[in-house]
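> Got a predicted structure plus its sequence, pasted below:
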Amino acid sequence: MSPDVKPSRVYIDVTNECPLRCLHCCTGSGIRGEDELELSEIIHLIDQVYDMHVTNVVFSGGEPMMRADLPVMLEHARSKGMNVTLLTSGILVDGEWARLLTRLGIRAKVSLDGVSPETHDFLRGKGSFEKLLRAIECFHVSGFENLAVHFTIHRKNLSELTKLEKFLPRLGIRNLMVG
């Protein structure tokens, strides 16, 4: 890589562990891998990314919130002035998590795959739609302002794309990514 060309963003998958078994999962997430990086290794990785002058880091997985030490990773990256995004299903977000992410100035992107439980839960599992709506409410109560939705198109929700125009504002969501 030329010294004047650097990545604009680095993704760090902090775990393979995930409580969901999404039909479309491209990482085969599920149980925690035996060879997953330890906290000290991830901190070292963040330092290397910073030393490369990359200012945007994205924490994902599996479900990154399954890592009890995720707050340490997020705080470390933010302490270096990095822009941090958390990619999450959102189902583990509660008031405590929402307040932490708000305090740290973390961006979050949650997965929403339908405007009803039938279409969202088809991909992500029964009850995940309601858990996500509760998480979005926790974000709003905490004053969180950097929330985006990732909408994965599939046969059962294809006709719902145009419904997002009215649905997302009711949830207070202004940013949408479609994949």
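Okay, I see it. Treat the numbers as computed from the prediction; the structure is a model and nothing was measured. Residues are numbered from 1 along each chain as shown.

> so how far is the lowest-mean-pLDDT helix or strand in the chain from its chain's centroid?
Least confident element among the helices and strands of the chain, by mean pLDDT, DSSP states H and E: helix 117-124 (a mean of 87). Between the mean C-alpha location of helix 117-124 and the chain-wide mean there is a distance of 18 Å, by Cα atoms, centre = their mean, to the nearest Å.

> show me where the protein has helices.
For the chain, helices defined by DSSP state H occupy the ranges 39-51, 70-79, 95-104, 117-124, 128-141, 164-171.

> Which one of those helices lies nearest to Gly179?
helix 117-124 (11.9 Å; Cβ to Cβ). Just so you know, the C-beta spots here come from the backbone N, C-alpha and C atoms, and that holds for glycine as well.

> low-scoring pLDDT stretches of this protein, where are they?
1-3, 20-33 (pLDDT under 70).

> Tell me who's in contact with the residue nearest the centre of it.
When Cα atoms, centre = their mean is applied to the chain, the residue found nearest the centroid is Leu87 (1.4 Å). The contact partners of Leu87, by Cβ atoms under 8 Å, 6 or more residues apart in numbering, come to Val58, Phe59, Ser60, Gly61, Pro64, Lys109, His150.

> so how far is Ala148 from it?
Separation of Leu87 from Ala148 (Cβ to Cβ, to the nearest Å): 10 Å.

> Next: Phe167.
Using Cβ to Cβ, which is the criterion applied here, Phe167 is 14 Å from Ala148.

> And for Lys156?
22 Å.

> again with Glu130
Summarising the geometry, the distance separating Glu130 from Ala148, computed by Cβ to Cβ, is 20 Å.
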